[in-house]
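Student: Next input, structure requested:
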Amino acid sequence: MITGELKSKIDKLWQEFWQGGIANPLTVIEQVTFLMYARLLDMEERKDEKRAQITNKPFNRRFNDDEQHIRWDSFRHQSAEQMLHTIRDEVFPHFKRLAGSSESLLGTYLKDAQLMVQKPNLLVSAVNQVNELPLEDSDTKGDLYEYLLSKLTTAGINGQFRTPRHIIRMMVDMCDPTVENTIADPACGTAGFLQQAHDFLLQKYTSEQGVHYETIINQKGEKEQQATYSGDLLTDEQRKHLNNSALFGFDFDATMLRIAAMNLLMHGVEQPGIYYQDTLSQSFSERHPKLATGSFDLILANPPFKGSLDEEDVDGKILSMVKTKKTELLFVAQILRMLKLGGRAAVVVPDGVLFGSSKAHQKLRETLIEHNQLEGIVSLPSGVFKPYAGVSTAILFFAKCGSTDKVWFYNLEADGYSLDDKRSKIDADDLPDCLKQWQNYQAWLNAGDEKAIQTAFGDKTQKAFLVDKAEIASNKYDLSINRYKETNYEEEVYKNPIVLLNSLKRIEEEIIDELNGLEGLLNG
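Tutor: Alright, predicted model coming up:
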């Protein structure tokens, strides 16, 4: 949550780029990311310089004596033409030189960085506005970058890269990760799942005394309470793991990598574990054999599910699990491979995965049920990803171990927003109920309270219900919710047609009598 004033600054910055001829929202965010990074480099250098003065200990400098003029606080005071020259010809090459430095958090992802701003006045305006953003405030800059990313959902087709934040948060809440977990997203995009997992863990490990509340004024002029979670219950070792080795994301779009890494950095992750990698390819297993096979406690993902791949490009070990070209099936199979034994996953899939009749579809569903634990399926309304996609989707919750006994279903009909292209805020919202019902189910399951489970989820006419594995297996492992959901039909009682016909005739006779009377008055 950020103040209306900060939102106005981001909106103004966005408008400046738009008017300057840079209309692609991904390009705008990428260019703003570069400028933020340039400023952050200078900020970190100043911190280390002050620390070195106090301790008399040297540090790995980001700028040598000949590079002082390319630091943020130096070039931002230059003239428009000189600033364009400095940033384009010296600052960006400096990013590339830092690419191999362990001190550079984003250097690896900025090695192909290019300045797309060609108008000096636009660059000056952008630099001045980035300079006003509160990047010093670690509690604000994460929300600031999140608001910047939210522009993807309101501008152009690139919104497809970003799963709605409230859907992500529900998935994270339902998985309830712990700080000891290692969490991954095999198609991370802007790292929304990883960022939300990080924020969830900070909140989970914050005491009541560790929460800082601040009253802010939102854009509607209303007062709101903004909470900041300190994570004061984390040990030093746990905090180190969370900020350096808990979160992993993979993508093969360089722009996505840069934005994802910056997103995590802005939320306090010191070493973003973001890798340039196609997780379905053979090269993933070759370059990261440990990560590709059984390394993760939790995987959260909304992998791409449009199009198909050439089998020659796909890792043979994935094809041995499910022989197909469809990316939505290949990703689920790969996620199973990447999980530790006992590891869990929450994955958004198109409905076709649930009921597709091909051998690959049926085999994957059989694998999930017979050789793993398919714990739950949340059916999402078809408008969740509008205006960019109207396809019906569902969330699969499964664990890599054992076999399935029962599958928990939830029919989510409203997510708090209209299901048209506008996606306006509305009152109807099943997300809190879905989370509560799931938490109850998990608690009773862990306690072995079969009576409570049957009482709560034995009725298939309700939003949440259970289906036995045997029933699913008898339906070729069909997992579509409509296959099992039952509907109560109330019998309608209609009048006898003869009675209705006689009533119509009487009404008709009354009308004729009235017309005859009116005619008599006119003739009289």
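Student: Show me where the stretch 251-400 of the chain has its helices.
Tutor: Using DSSP state H, counting those that start in this stretch, the helices of the stretch 251-400 of the chain run over 254-266, 282-287, 289-292, 316-319, 327-338, 352-355, 359-370.
Student: Of these, which is nearest Glu519?
Tutor: helix 352-355 (66.3 Å; C-beta to C-beta). All C-beta atoms are positioned from the backbone trio N, CA, C, and that covers glycine.
Student: Which secondary structure elements does the closest one sit against?
Tutor: Contacts defined by 3 or more C-beta pairs under 8 Å, 6 or more residues apart in numbering; DSSP states H and E place helix 352-355 against helix 327-338, helix 359-370, strand 393-399.
Student: and Lys323, how many neighbours does it have?
Tutor: Neighbours of Lys323 under the rule other C-beta atoms under 10 Å: 16.
Student: which residues sit in contact with it?
Tutor: Contact analysis of Lys323 by C-beta atoms under 8 Å, 6 or more residues apart in numbering lists Lys359, Ala360.
Student: Would you mark the buried spots in stretch 351-362?
Tutor: By neighbour count on 16 or more other C-beta atoms under 10 Å, the buried set for stretch 351-362 is Asp351, Gly352, Val353, Leu354, Phe355, Gly356, Ala360, His361, Gln362.
Student: What separation do you get for the first one and Lys340?
Tutor: Translated: Asp351. Plainly put, Asp351 is 29 Å away from Lys340 if you go by C-beta to C-beta, to the nearest Å.
Student: What of the third one?
Tutor: Distance, Val353 to Lys340, by C-beta to C-beta: 23 Å.
Student: With the fifth one instead?
Tutor: For Phe355, the distance to Lys340 (C-beta to C-beta) stands at 29 Å.
Student: same thing with the fourth one?
Tutor: Using C-beta to C-beta, one gets 25 Å for the distance from Leu354 to Lys340.
Student: Give the burial count for Ala197, as a bare number.
Tutor: Neighbours of Ala197 under the rule other C-beta under 10 Å: 26.
Student: And for Leu339?
Tutor: Counted with other C-beta under 10 Å, the neighbours of Leu339 add up to 24.
Student: what bridges to it?
Tutor: Phe296 (DSSP bridges).
Student: these two touch, right, it and Lys400?
Tutor: Yes: shown here, Leu339 and Lys400 form a contact pair, counting by C-beta atoms under 8 Å, at 4.1 Å.
Student: Can you tell me what sits against the helix or strand harbouring Ala197?
Tutor: Element membership for Ala197 (DSSP states H and E) is helix 192-204. Identification of contacts with helix 192-204 by C-beta under 8 Å, 6+ apart yields 142, 146, 149, 162-163, 165, 168-169, 171-173, 177-179, 183, 185, 188, 229-231, 242, 246-249, 260, 263-264, 267-269, 298, 300-302.
Student: If any of those residues are buried, put those into a ChimeraX selection.
Tutor: To isolate the buried ones among the contacts of helix 192-204 in ChimeraX, judged by 16+ other C-beta under 10 Å, type:
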select :142,146,149,162,163,168,169,171,172,173,177,179,183,185,188,229,230,231,242,246,247,248,249,260,263,264,267,268,269,298,300,301,302
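Student: Among the contacts of helix 192-204, which are located in helices?
Tutor: 142, 146, 149, 165, 168-169, 171-173, 242, 260, 263-264 (DSSP state H).
Student: Would you confirm that Arg483 belongs to a helix?
Tutor: Yes: counting by DSSP: H, G, I helix; E, B strand; the rest coil, Arg483 falls inside a helix.
Student: Was I right to think it contacts Asn475?
Tutor: Yes: contact criterion C-beta under 8 Å: Arg483 and Asn475 qualify, at 6.1 Å.
Student: low-confidence ranges in the stretch 51-200 of the chain?
Tutor: Along the stretch 51-200 of the chain, segments meeting pLDDT under 70 span 99-107, 137-139, 153-162.
Student: and what of the stretch 201-350 of the chain?
Tutor: Residues of the stretch 201-350 of the chain that meet the cut-off, pLDDT under 70, sit at 216-222, 306-308, 310.
Student: returning to that earlier point: the helix holding Ala197 to helix 254-266, inter-axis angle?
Tutor: Between helix 192-204 and helix 254-266, the angle comes out at 10 degrees (axes from the mean of the first three to the mean of the last three C-alpha atoms, to 10 degrees).
Student: Now helix 192-204: buried residues?
Tutor: Neighbour-count burial for helix 192-204 [16+ other C-beta under 10 Å]: Gly192, Phe193, Leu194, Gln195, Gln196, Ala197, His198, Asp199, Phe200, Leu201, Leu202, Lys204.
Student: Can you tell me how far the second one is from Lys460?
Tutor: Here Phe193 is placed at a distance of 31 Å from Lys460 (C-beta to C-beta).
Student: do the first one as well
Tutor: Remark: distance between Gly192 and Lys460 (C-beta to C-beta) = 33 Å.
Student: Equivalent analysis for the fifth one, please.
Tutor: For Gln196, the distance to Lys460 (C-beta to C-beta) stands at 32 Å.
Student: Equivalent analysis for Leu247, please.
Tutor: 38 Å.
Student: swap in Leu504?
Tutor: Separation of Leu504 from Lys460 (C-beta to C-beta) stands at 42 Å.
Student: of the two, who's got more company?
Tutor: Lys460 (15 against 10).
Student: How much space separates the residue lying closest to the more buried one once chain neighbours are set aside from Ala456?
Tutor: Once flanking residues are discounted, Lys460 sits nearest to Glu486: 4.2 Å by C-beta to C-beta, 6 or more residues apart in numbering. For Glu486, the distance to Ala456 equals 16 Å [C-beta to C-beta].
Student: now do Thr215
Tutor: 39 Å.
Student: Those two: who's more crowded?
Tutor: Using other C-beta under 10 Å as the criterion, Thr215 and Ala456 rank with Ala456 on top: 17 against 8.
Student: Pretty sure that one sits against Gln439.
Tutor: No: the pair Ala456 / Gln439 is not scored as a contact, 11.6 Å apart, by C-beta under 8 Å.
Student: Distance to Gln82 for the helices of the stretch 251-400 of the chain - can I get that in TSV?
Tutor: Shown next, in TSV, are these (distance: least, C-beta to C-beta, whole Å):
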stretch	distance to Gln82
helix 254-266	26
helix 282-287	42
helix 289-292	45
helix 316-319	53
helix 327-338	48
helix 352-355	56
helix 359-370	59
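Student: Could you say which one of those helices comes nearest to Leu35?
Tutor: Checking the helices of the stretch 251-400 of the chain against Leu35 by C-beta to C-beta gives helix 254-266 as the closest, at 10.8 Å.
Student: For the closest one, enumerate the helices and strands it packs against.
Tutor: With contacts taken as 3+ C-beta pairs under 8 Å, 6+ apart, helix 254-266 sits against helix 25-55, helix 138-150, helix 192-204, strand 247-251, strand 273-276.
Student: most packed of these?
Tutor: strand 247-251 (a mean of 26; mean count of other C-beta atoms under 10 Å).
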